[in-house]
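**Student:** coordinates only, no sequence provided:
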């Protein structure tokens with residue numbers, strides 16, 4: 001199991017103007033993409049044909065301690081959408097995502113943001 005220690009970001013909609021306009025959301029996404037690629041290289045991690053990822057979404061600092069305790073590891077049912085988080089992840093770590101045939105993903109509330117990669121298949125010994 002691998003754990004990327006930062007929050008995943010959804011891929012924003014981009015236009016040709018983003019090459020010169022430099023919108024903050026696009027710049028933030030490019031930083032995320034560079035960072036997760038460096039992390040993957042450093043940890044000898046590759047995303048394969050089967051993707052299993054749990055997106056841990058950090059809880060707002062404004063929530064009470066009691067609410068945080070109640071919500072930890074529960075389903076995250078707000079934006080960002082899980083499909084956009086997956087698109088950002090796969091675009092960052094794969095040159096071509098057409099070979100991906102199986103995806104399992106969840107997004108849950110957590111104390112800190114991260115992406116946990118798990119295995120979908122058990123290898124027999």
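**Tutor:** Cool, the structure landed. Computed from a predicted model, the values in this text were never measured in an experiment.
**Student:** stretch 99-119: end-to-end distance?
**Tutor:** By CA to CA, to the nearest Å, the extent of stretch 99-119 from end to end equals 17 Å.
**Student:** okay, buried residues for it please.
**Tutor:** For stretch 99-119, the neighbour count (16 or more other CB atoms under 10 Å) marks 105, 107, 109, 110, 113, 114, 115, 116, 117 as buried. For glycine as for every other residue, the C-beta is placed from the backbone atoms N, C-alpha and C.
**Student:** mind checking pLDDT for the fifth one?
**Tutor:** According to the prediction, residue 113 has pLDDT 96.
**Student:** residue contacts, it?
**Tutor:** 6, 7, 8, 56, 57, 58 (CB atoms under 8 Å, 6 or more residues apart in numbering).
**Student:** so the nearest residue to it once chain neighbours are set aside, which state does it fall into?
**Tutor:** By the measure of CB to CB, 6 or more residues apart in numbering, the closest residue to residue 113 outside its immediate chain neighbours is residue 7, 2.7 Å from it. What DSSP: H, G, I helix; E, B strand; the rest coil gives for residue 7 is coil.
**Student:** kindly report the same for the one 5 residues further on.
**Tutor:** Here residue 12 is recorded as coil under three-state DSSP.
**Student:** and the closest residue to it other than its chain neighbours, how many neighbours does it have?
**Tutor:** Once flanking residues are discounted, residue 12 sits nearest to residue 25: 4.8 Å by CB to CB, 6+ apart. Number of residues near residue 25 (other CB atoms under 10 Å) recorded here: 13.
**Student:** pretty sure residue 25 is in a helix, no?
**Tutor:** Yes: checked against three-state DSSP, residue 25 lies within a helix.
**Student:** how near is it to residue 42?
**Tutor:** Between residue 25 and residue 42 the computed distance is 26 Å (CB to CB, to the nearest Å).
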